[in-house]
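Chemist: I'll drop the sequence and a predicted model, then ask my questions.
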Amino acid sequence: MQDYTGWIVRSTAGHDKGELFCVTGMEGGYLLLVDGKRRKLSRPKRKKPGHVEVEDSGAYQQLHLQRFRMGEEISDRALRRALAAFRAVTRRV
């Protein structure tokens, strides 16, 4: 089974359609997603893999996301900042 931890995905279905999330892991065939604001690290959202679109599969080199991929704990605030930085980079391209 592939490790999706630290991947950045965009929701393609549901009330959160179009929102960016970070994958924290998998549970029973579902991805566990957080954004640091509405969905915090303490309560990730479960979503089927078919209902998300991969925006970044680990290539985005942001310090907090790198630490998260290595298994270190990060805060919701750091996660929000990492996702905001990713949004800013992808808007320019």
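Modeler: Done, it's in.
Chemist: quick check: Leu79 is in a helix.
Modeler: Yes - assessed with DSSP: H, G, I helix; E, B strand; the rest coil, Leu79 lies in a helix.
Chemist: what is the worst-scoring helix or strand of the chain on mean pLDDT packed up against?
Modeler: The helix or strand of the chain with the poorest confidence is helix 63-69; it has a mean of 84 (mean pLDDT, DSSP states H and E). For helix 63-69, the packing partners by 3 or more C-beta pairs under 8 Å, 6 or more residues apart in numbering; DSSP states H and E come out as helix 76-92. Glycine gets a C-beta too; all of them are placed from N, C-alpha and C.
Chemist: list the contacts of the helix it packs on.
Modeler: 8, 20-22, 34-37, 40-41, 55-56, 60, 62, 64-65, 68 (C-beta atoms under 8 Å, 6 or more residues apart in numbering).
Chemist: name the helices or strands packed onto the longest strand that the chain contains?
Modeler: Counting by DSSP state E, the longest strand found in the chain is strand 20-27. Strand 20-27 sits against strand 8-11, strand 30-34, strand 45-47, helix 76-92, with contacts defined as 3+ C-beta pairs under 8 Å, 6+ apart.
Chemist: list the buried residues of the least confident helix or strand of the chain.
Modeler: Within helix 63-69, the residues that count as buried by 16 or more other C-beta atoms under 10 Å are His64, Leu65, Phe68.
Chemist: for the residue nearest the centre of the chain, list the residues it contacts.
Modeler: Nearest to the geometric centre of the chain sits Cys22, at 0.6 Å (C-alpha atoms, centre = their mean). Neighbouring residues of Cys22 by C-beta under 8 Å, 6+ apart: 6-9, 33-36, 65, 68, 79, 82-83.
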